[in-house]
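Engineer: What would the 3D arrangement of this be:
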Amino acid sequence: MSKLDVGTLGEYIREQRNAAQMSLRQLAKSAGVSNPYLSQVERGLRNPSAEILTRIASALRISAETLYVRAGLLEAHDASGVRTAIARDSSLTERQRRAMLEIYSAFVAENAAEHDPVTPTDVSEDTTNRTKEDHDGNHP
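Structural biologist: The predicted structure follows:
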């Protein structure tokens, strides 16, 4: 993994910590790591292990998988696999499947918008399409 990847990971952890309104010291204590170590991770100077990433993710209440992907430990998963799994889950009703797919798509779009400056256009187009679909039943 390159230093740039670690820096990006550290920046992401800092953003998530700030969003959770946690101090560096609070996150370090919750994750069971030292304050200086966490500071080095956030500044891109240290490359945390999968175990440390799991503890940081748990303390931030975010997905460990997200941190693994950012750290280069995992490749980003194919979103179509998630959609296929939801669609094939026979324990869900059709209404529940649609709701889960909508929620999943909204989260994916939100995360992409936060981390990809090109995506906000795509997100607004997706919202426009959903709004149009929502209103299609009300308008001939």
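Engineer: Look up how far L74 lies from Q96.
Structural biologist: 28 Å (Cβ to Cβ, to the nearest Å). C-beta here means a position set from N, CA and C on the backbone, and glycine is covered the same way.
Engineer: Low-confidence bits of the chain, can you list those?
Structural biologist: 1-7, 76-80, 115-140 (pLDDT under 70).
Engineer: buried sites along the helix of greatest length in it?
Structural biologist: Criterion DSSP state H: the longest helix present in the chain is helix 94-115. For helix 94-115, the neighbour count (16 or more other Cβ atoms under 10 Å) marks 97, 100, 108-109, 113 as buried.
Engineer: same deal with stretch 42-53?
Structural biologist: Result for stretch 42-53 [16+ other Cβ under 10 Å]: buried residues 42, 44, 46-48, 52-53.
Engineer: same question, stretch 16-25
Structural biologist: 16-17, 22.
Engineer: Tell me which of these fall in helices.
Structural biologist: 16-17.
Engineer: so which of the buried residues of stretch 16-25 would you say is closest to I62?
Structural biologist: Q16 (5.7 Å; Cβ to Cβ).
Engineer: just checking, that closest one touches S63?
Structural biologist: No. Using Cβ atoms under 8 Å, Q16 is not in contact with S63; the gap is 10.5 Å.
Engineer: mind listing the helices in this structure by residue range?
Structural biologist: Applying DSSP H to the chain gives helices spanning 3-19, 24-31, 35-42, 50-60, 64-71, 79-88, 94-115, 119-136.
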